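J.: What follows is a predicted structure for the sequence shown.
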Amino acid sequence: MPSAKPTQSVSQSRYWNSHFTAALWALEDGIDRVSLTEKLAKLYGQEDARRIVDTASVRLWLAEGVPSSDAITMLESRHRFELSPCDCRGYAIEILLSVRQAMQAEHGTLIPTRKALHHVAA
């Protein structure tokens, strides 16, 4: 007997994705990430809102060619007073890897890093 739980998570996933896309557009338009997080926190709670905004921020940074290490440093500096250093690093790497995986799935290939591009023969 199928349960209703998978359909709930699918609809929640679609709802989250629509807010992620809206957050991405808002950040591209220059909306302050703190006010955006506060608005999303009313819908999702503080932790999920933070994750949405951080994911959108990292995606924008990587799309602009910012090195992954800088994206990790950005997330660590944002949350250095909320999380322990170890948890902060783990959170930053988790966000970075999920964004890279999503971008790779969209493009169908691994997104080259600056180091990889440097070693490409001209």
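T.: That came through fine. The structure displayed is predicted, hence computed values, not measured ones. Numbering: from 1, shown residues only.
J.: any idea which element residue 47 lies in?
T.: helix 46-63 (DSSP states H and E).
J.: next structured bit after that helix?
T.: Next element after helix 46-63 (DSSP H and E): helix 68-78.
J.: center of this protein - which residue?
T.: Central residue of the chain (Cα atoms, centre = their mean): residue 55, 1.2 Å from the mean position.
J.: which ones are touching that one?
T.: Contacts here follow Cβ atoms under 8 Å, 6 or more residues apart in numbering; on that basis residue 55 touches 20, 95, 98, 99. All C-beta spots, glycine's among them, are computed from the backbone N, C-alpha and C.
J.: burial measure for residue 72, as a count.
T.: By the criterion of other Cβ atoms under 10 Å, residue 72 has 18 neighbours.
J.: Then residue 30?
T.: 6.
J.: that older thread, name the nearest of the contacts of residue 55 relative to residue 64.
T.: Comparing those against residue 64 with Cβ to Cβ places residue 99 closest, at 12.7 Å.
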